[in-house]
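S.K.: Task: produce atomic coordinates for the following.
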Amino acid sequence: MYELKTKENDGNVIEFLEKVDNPKKRDDAYKLLDIFTETTGYKAKMWGTSIIGFGSYHYKYKSGHEGEFLLVGFSPRKASLSLYFATGDPDREELLKDLGKHKTGKACVYVNKLEDIDLEVLKTLIKQSVEFLQKTYLGE
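M.R.: Next up, the predicted model:
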């Protein structure tokens, strides 16, 4: 059976951020740490070797595959800042229209720097994603 590689672990978030080579990206990552912490109310945790996650939920697909994953999170990658939001949220696309300069993947939203996006829209995306996942998977 497939095992998810990205799991919550005891890695030190601050030590990870201090290893980000680009000073501007490191500064943006610290700002994201504050934004995600304040917006979610969850403590930052390392997921895998390079994702900082906030909260978690248990999912189970119709195929029988199940596991734990972060509610929301980010990673300061070399190319861009990767923001992790809920997939399947029908309201996500509408908010992304107002976010600012970004690219999207299946689960990630990629931004080059925080100046390129509206931070209030980012906070709304974080809240909406957490609420969507809690309602979908936690029945809250």
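
S.K.: where does residue 63 land in three-state SS?
M.R.: What DSSP: H, G, I helix; E, B strand; the rest coil gives for residue 63 is coil.

S.K.: That one: what's it in contact with?
M.R.: By C-beta atoms under 8 Å, 6 or more residues apart in numbering, no residues touch residue 63. Yep, even glycine has a C-beta here, placed from its N, CA and C like the rest.

S.K.: Pop out the phi and psi values for it.
M.R.: When quoted as degrees, to the nearest 10, the phi and psi of residue 63 stand at phi -70, psi -10.

S.K.: Kindly report the same for the one 10 residues further on.
M.R.: Note on residue 73: its backbone torsions stand at phi -180, psi -170 [degrees, to the nearest 10].

S.K.: Okay, and the beta partners of it?
M.R.: Counting by DSSP bridges, residue 73 is bridged to residue 53, residue 84.

S.K.: can you count the residues close to residue 126?
M.R.: 23 (other C-beta atoms under 10 Å).

S.K.: Can you mark which positions in the strand or helix carrying residue 93 are buried?
M.R.: For residue 93, the enclosing helix or strand under DSSP states H and E is helix 92-96. Buried residues in helix 92-96, defined by neighbour count with 16 or more other C-beta atoms under 10 Å: 92, 95, 96.

S.K.: List the contacts of the closest residue to residue 118 other than its chain neighbours.
M.R.: Nearest residue to residue 118, sequence neighbours excluded (C-beta to C-beta, 6 or more residues apart in numbering): residue 100, at 5.2 Å. Residue 100 sits next to 111, 116, 117, 118, 121 when contact means C-beta under 8 Å, 6+ apart.

S.K.: so where's the chain shaky on pLDDT?
M.R.: Low-confidence segments of the chain (pLDDT under 70): 1-4, 140.

S.K.: Now do the helices in it.
M.R.: Assigned by DSSP state H, the chain shows helices spanning 13-18, 23-40, 92-96, 119-133.

S.K.: These into CSV, with extra columns for distance to residue 77?
M.R.: CSV is the format used below for the helices of the chain (distance: least, C-beta to C-beta, whole Å):
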stretch, distance to residue 77
helix 13-18, 12
helix 23-40, 9
helix 92-96, 19
helix 119-133, 17
